[in-house]
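A.B. asks: predicted coordinates and the sequence they were generated for:
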Amino acid sequence: MAPTHPGMVPIPGGVFAMGSNDHYPEERPVYRVAVGPFLMDETPVTNRQFRAFVEATGYVTYAEIPPRAEDYPGARPDMLKAGSLVFTQPRGPVDMNQPLSWWSFSFGANWRRPQGRQSTNRGLDDHPVVHIAYRDAEAYARWVGKDLATEAEWEFAARGGLEGREFARGDQLHPGGKPVANTWQGSSRSGTLSSTAMS
């Protein structure tokens with residue numbers, strides 16, 4: 001299968017064990033899934049690519065649209081402003097069952113202003129675009145003549161052919177003691193959150 005778009009790689013397809021019996025309930029039970037051959041972008045969509053889409057179409061992302069009062073009866077008017085969740089480093093121990101301990105809603109946060117109203121993505125053209133809802137991703141994909149990967153296609157590609165392994169890189173969370181993905185590096189209910197970019 002030859003890529004029809006630059007920057008795409010062919011994934012041959014196959015049969016694999018999808019899901020996990022050891023982590024989240026929604027991933028259970030593991031079952032066999034067949035996926036046909038498909039193409040996948042080699043890298044995430046960048047700010048530069050998404051900006052070209054917005055400039056060509058005038059598209060407005062979900063995070064840029066203020067909520068409608070009729071969708072949120074009883075909401076205070078001062079809360080009906082566009083925004084998105086932004087990662088916020090906790091000051092101390094957090095309850096791992098409370099994700100809003102490290103994510104804060106920020107008015108004005110969107111793909112152009114990833115850290116909130118006062119931020120910018122200037123100088124981050126080659127960084128992955130963020131604050132994109134599913135419908136935004138679908139609109140971009142249609143514009144470039146592509147489609148979004150299904151859950152099965154994504155997991156098949158992410159596993160990289162390693163059948164039955166805990167992670168796409170094998171069975172170790174930190175091979176050689178080194179974090180190689182965006183993962184929790186503290187302990188639950190204590191420590192601080194941090195992440196390391198994939199290497």
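C.D. replies: All right, it came through fine.

A.B. asks: pull out the buried positions in the helix or strand containing Val54.
C.D. replies: Using DSSP states H and E, Val54 maps to helix 47-57. Neighbour-count burial for helix 47-57 flags Asn47, Gln49, Phe50, Phe53, Val54 (criterion: 16 or more other CB atoms under 10 Å). Any C-beta I mention is one placed from the backbone N, CA and C, and that applies to glycine too.

A.B. asks: what's the mean pLDDT across that helix?
C.D. replies: For helix 47-57, mean pLDDT is 98.

A.B. asks: for that helix, which outside residues touch it?
C.D. replies: With contacts defined as CB atoms under 8 Å, 6 or more residues apart in numbering, helix 47-57 is touched by 59, 111, 121, 124-129, 132, 139-140, 143-144.

A.B. asks: what are the structural domain limits within this protein?
C.D. replies: For the chain, automatic domain parsing gives the domain ranges 1-43+135-164, 62-131, 172-199.

A.B. asks: chain center to the longest one: distance?
C.D. replies: Relative to the centre of its chain, domain 1-43+135-164 is centred 14 Å away, using CA atoms, centre = their mean, to the nearest Å.

A.B. asks: kindly report the same for stretch 52-59.
C.D. replies: Centroid separation for stretch 52-59 versus its chain: 21 Å, with CA atoms, centre = their mean.

A.B. asks: ok, stretch 102-111 next?
C.D. replies: With CA atoms, centre = their mean as the basis, stretch 102-111 stands 15 Å off its chain's centre.

A.B. asks: try stretch 168-187
C.D. replies: Put simply, stretch 168-187 sits 18 Å off its chain's centre (CA atoms, centre = their mean).

A.B. asks: all good on my end, thank you.
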